[in-house]
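Engineer: the amino acid sequence is not available; the structure is as follows:
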Ligand code: TXA
Ligand code: MG
């Protein structure tokens, strides 16, 4: 397939491709999405095929504004409106009951649907112009680290999709927070760009899905049960001081070992391949950098990635969640 690379002046072209049943990689503030018309079941089926995505993993529907909820969802609780007023457009996905007009291909057969209004000017234009809800998972191939630049999308999707819309690097860098509003109290199914602390300012009794905190519990977001975000190398997630982390890493062979560290630590690993993914004191820099670094280290020359685990404050919680998944669920305390 011939893939077109589109840019900031091309929102109308992207909307046209979507309306005619094509696939377009679209920028959002979190990660790039692989978009299709959410009402076109053939286009939705194509998303699963291109990504290699398991059939039981539902997609998020992206909409231009909060009013769209009325059109696609039923039994919307008042809390949904409170949350959209505070966080939309932005990195918060709400799970609500679907109306019958939402295809089961989007929800993987579930009676609920994930709704999100992304905060990226270009994609908001596309959504307005397309006039359809856009089903979009993250634009990476299934299992791989998410795509946060158009370059990443080109790497994974060139010649497999109709277009890639370059909207620059994603500001947040980790996916949206998924909040289930079909249960009381509301439950976070996936941590992301909106933090638990922020959600509790609006809904004080918001809980974390037991699947996120207790080993052995099945996560409720079907996608959270899969091995995910993983480069081909083994990832070891290490918690400890700079000195402890440096001691651990220095004992490993230089050949094949890569280091994912905080800014200021780069000098501690002479001889090793070192990438700094952000500043420990500013978790938003870590979320913005983590997938780009994991992807850069996804080469046959790297067999082991040692990642310094950040604090779980703020968006750091979502960063740790992604790194833990990349590390097969294990966190090593030094
Ligand atoms: O930031 C994001 O959310 C990005 C951008 C592109 O919007 N999208 C994204 O999509 O991360 P994806 O498909 O990679 O992850 C969606 C997650 C999956 O874990 C899926 O299982 C869950 O949302 N999900 C979707 N619909 C659901 C539903 N009805 N109930 C529970 N979980 C659902
Ligand atoms: Mg994904």
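Structural biologist: Great, that's in hand. Quantities reported herein were computed from a predicted structural model and do not represent experimental measurements. Ligands and ions are numbered 1, 2, ... in the order given.

Engineer: now the residue of the stretch 151-300 of the chain found nearest ligand 1, nearest residue through space, not along the chain?
Structural biologist: When distances are taken as CB to the nearest ligand atom, the stretch 151-300 of the chain approaches ligand 1 most closely through residue 223, which lies 2.2 Å from it. In this view, the C-beta of every residue, glycine as well, is placed from N, C-alpha and C. On the basis of CB to CB, 6 or more residues apart in numbering, the spatially nearest residue to residue 223 that is not a chain neighbour turns out to be residue 57, at 4.8 Å.

Engineer: the one you found contacts residue 228, doesn't it?
Structural biologist: No: because the distance of 10.6 Å does not satisfy CB atoms under 8 Å, residue 57 is recorded as not touching residue 228.

Engineer: hmm, residue 73 is touching residue 115, no?
Structural biologist: Yes: checked against CB under 8 Å, the pair residue 73 and residue 115 is within contact range at 6.5 Å.

Engineer: list phi and psi for residue 48.
Structural biologist: The phi/psi pair for residue 48 (degrees, to the nearest 10) reads phi -60, psi -40.

Engineer: tally of neighbours for it?
Structural biologist: Applying other CB atoms under 10 Å, we find 18 residues neighbouring residue 48.

Engineer: make sure it is actually in contact with residue 55.
Structural biologist: Yes: counting by CB under 8 Å, a contact exists between residue 48 and residue 55, whose distance comes to 6.4 Å.

Engineer: one step back: settle it for me: which of residue 73 and residue 115 has more neighbours?
Structural biologist: The residue with more neighbours, out of residue 73 and residue 115, is residue 115; 27 against 21, by other CB under 10 Å.

Engineer: tell me the residue of the stretch 51-200 of the chain that sits nearest ligand 1?
Structural biologist: Scanning the stretch 51-200 of the chain for proximity to ligand 1 using CB to the nearest ligand atom identifies residue 137 as nearest, at 2.9 Å.

Engineer: who's in contact with the closest residue to residue 167 other than its chain neighbours?
Structural biologist: Take residue 167 and drop its neighbours on the chain: the residue closest to it by CB to CB, 6+ apart is residue 27, 2.8 Å away. Contacts were defined as CB atoms under 8 Å, 6 or more residues apart in numbering; by that measure residue 27 touches 120, 122-123, 150, 165-168, 170.

Engineer: need the residues of the stretch 51-200 of the chain near ligand 1, please.
Structural biologist: By the criterion of CB under 6 Å from any ligand atom, the positions of the stretch 51-200 of the chain lying close to ligand 1 are 57-60, 91, 93, 95, 107, 110, 112-114, 116, 118, 136-138, 175-176, 178, 189-190.

Engineer: wait, residue 230 sits on residue 325?
Structural biologist: Yes: shown here, residue 230 and residue 325 form a contact pair, counting by CB under 8 Å, at 7.5 Å.
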